[in-house]
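# I'd like to go over a predicted model; first the sequence, then the structure.
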Amino acid sequence: MKKILISAVLLTASSSAMAVAPGGPNCGWGNMLFEGQTGTASHVVASFTNGSTFNNTFGMTFGTNGCSTQGSLTYGGKEMIDVSLIMDEFTEDVARGDGEAITAVAVSIGVEEQDRANFKRSMHDNFDKMFPSEDVTTEHVVQTMFEVMESDEQLAKYTVAE
């Protein structure tokens, strides 16, 4: 059951990651058709139009349809790692320094197999910092996890955006 829950969390986290305006904010027929409109429905239909006709892909490839690939992609949402659904298991694993939940988090952020033991040890060594109280938020846990990784020479490479 734990493996199914952890897999669902990781799939949800990775599928919810999106870059803001790939191809630019004016890219594709959907943006042209719904220009000036606001609201979720307009954005969803414009996105569906672009995705179902592949015109934004064509536009990015050939520089048409208001599309450009000159700028950097950005992400304006929260961290992609969400341990809220496995918080109890993750807390226990960090306290022990091993387990399925801590391994799943390491895999989901791209920690290579040869660095996972160090990741687990670093998280375990910083348990009190990551979990300062019983009512700690998942945002605090994830932020602290990345801070711990940044301070470790071997793990810092997993926190740098490439």
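Good, I have the coordinates.
# how is the protein divided into domains?
Structural domains assigned to the chain are 2-12+79-158, 19-62, following automatic domain parsing.
# report the distance from the shortest one to the chain centre.
Here domain 19-62 is found 22 Å from its chain centre; the criterion is C-alpha atoms, centre = their mean, to the nearest Å.
# give me the low-pLDDT residue ranges for this protein?
1-25, 71-82, 161-162 (pLDDT under 70).
# let's have the domains of the chain in a markdown table, adding distance to S68 and mean neighbour count.
Any C-beta I mention is one placed from the backbone N, CA and C, and that applies to glycine too. Putting these into a markdown table (distance: least, C-beta to C-beta, whole Å; neighbours: other C-beta atoms under 10 Å) gives the following:
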| stretch | distance to S68 | mean neighbour count |
| --- | --- | --- |
| domain 2-12+79-158 | 25 | 16 |
| domain 19-62 | 5 | 15 |
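# so can I have a markdown table of these showing distance to T69?
Shown next, in a markdown table, are the domains of the chain (distance: least, C-beta to C-beta, whole Å):
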| stretch | distance to T69 |
| --- | --- |
| domain 2-12+79-158 | 22 |
| domain 19-62 | 5 |
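# so which of the ones you listed gets nearest Q70?
Among those, the nearest to Q70 by C-beta to C-beta is domain 19-62 (8.1 Å).
# where does T61 fall, secondary structure wise?
Using DSSP states H and E, T61 sits within helix 55-62.
# what is that helix packed up against?
Packing partners of helix 55-62 (3 or more C-beta pairs under 8 Å, 6 or more residues apart in numbering; DSSP states H and E): helix 29-33.
# dump the helix it packs on to PDB, keeping only the CA atoms.
Provided in PDB are the C-alpha atoms of helix 29-33 (Å, rounded to 0.1, in the frame of the first residue of the first chain):
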ATOM      1  CA  TRP A  29      -3.700  29.600 -32.200                       C
ATOM      2  CA  GLY A  30      -5.400  29.100 -28.800                       C
ATOM      3  CA  ASN A  31      -3.900  32.300 -27.600                       C
ATOM      4  CA  MET A  32      -4.900  34.100 -30.800                       C
ATOM      5  CA  LEU A  33      -8.500  32.800 -30.700                       C
END
